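> What follows is a predicted structure for the sequence shown.
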Amino acid sequence: MKKVFRLFAITVLIIILTSCTAINQMPNEGQKTGEEEVRYKDGTFVGVGDKWQYGNEDATVVINDGKIRSINLRRLDTEGNEVDYDNWTGKEIDGKLYPNLKKFRIDLADAMIEKQTYEVDAISGATVSSENWKLAVKRALEKAKK
């Protein structure tokens, strides 16, 4: 019985050590795995998200020294005018809930600048706007590629 237990314990130990080695060999998030690093030219680039029933979103991205330095996200109404963000603060107005775009657009831009990519999580409560802003930034960055 002791031999069976020892054999079992040794097998488990080998499996654990093998698994740890495999995990340590996996690339870390954000690490390049043979892909070419994307390089951007300096300048100001504008991208536009897809139109939808409430208008669309756009982004102005500033690149300096090859890095994203600032992002201005805007929500445009169906006529192409920027919305009044004071009406978009998470309050209910005339029976309609307006998500807090005033805060969300800044939080989303900050996350993209910090991670240096448009590939960040969408903001719950403003999913369509978030996805359109991400698309607008993606389109702006495509124009900025060297």
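Thanks, I have the structure now.
> roughly how far apart are G49 and N81?
Using CB to CB, to the nearest Å, G49 is found at 16 Å from N81. No exception for glycine: its C-beta is placed from N, CA and C like everyone else's.
> Neighbour count for these two, which is higher?
Shown here are G49 and N81; by other CB atoms under 10 Å, G49 has more neighbours (26 against 11).
> quick one, phi psi at the more buried one?
phi -80, psi 170 (degrees, to the nearest 10).
> Just the local confidence number for it, please.
Per-residue pLDDT puts G49 at 95.
> Now do the same contact list for it.
By CB atoms under 8 Å, 6 or more residues apart in numbering, G49 lies in contact with N56, E57, D58, A59, E131, N132, W133, L135, A136, R139.
> out of those, who's nearest Y98?
Closest approach between these and Y98, by CB to CB: E57, at 15.0 Å.
> And what about the closest one, helix, strand or coil?
For E57, the assignment made with DSSP: H, G, I helix; E, B strand; the rest coil gives strand.
> May I have the beta-bridge partners of it?
In this entry, E57 is beta-bridged to R75, by DSSP bridges.
> That one contacts K134, doesn't it?
No - counting by CB atoms under 8 Å, K134 is not a contact partner of E57; they are 9.1 Å apart.
> Neighbours of S70, how many?
Counted with other CB under 10 Å, S70 comes out at 12.
> any idea how far A59 is from it?
10 Å.
> Excluding chain neighbours, what is closest to the most centrally placed residue in the chain?
Using CA atoms, centre = their mean, the residue of the chain that lies closest to the mean C-alpha position is V120, 1.5 Å off. Leaving aside its sequence neighbours, V120 sits nearest to A111 (CB to CB, 6 or more residues apart in numbering; 4.4 Å).
> And for I71?
Spatial nearest neighbour of I71, chain neighbours left out: A109 (4.0 Å); criterion: CB to CB, 6+ apart.
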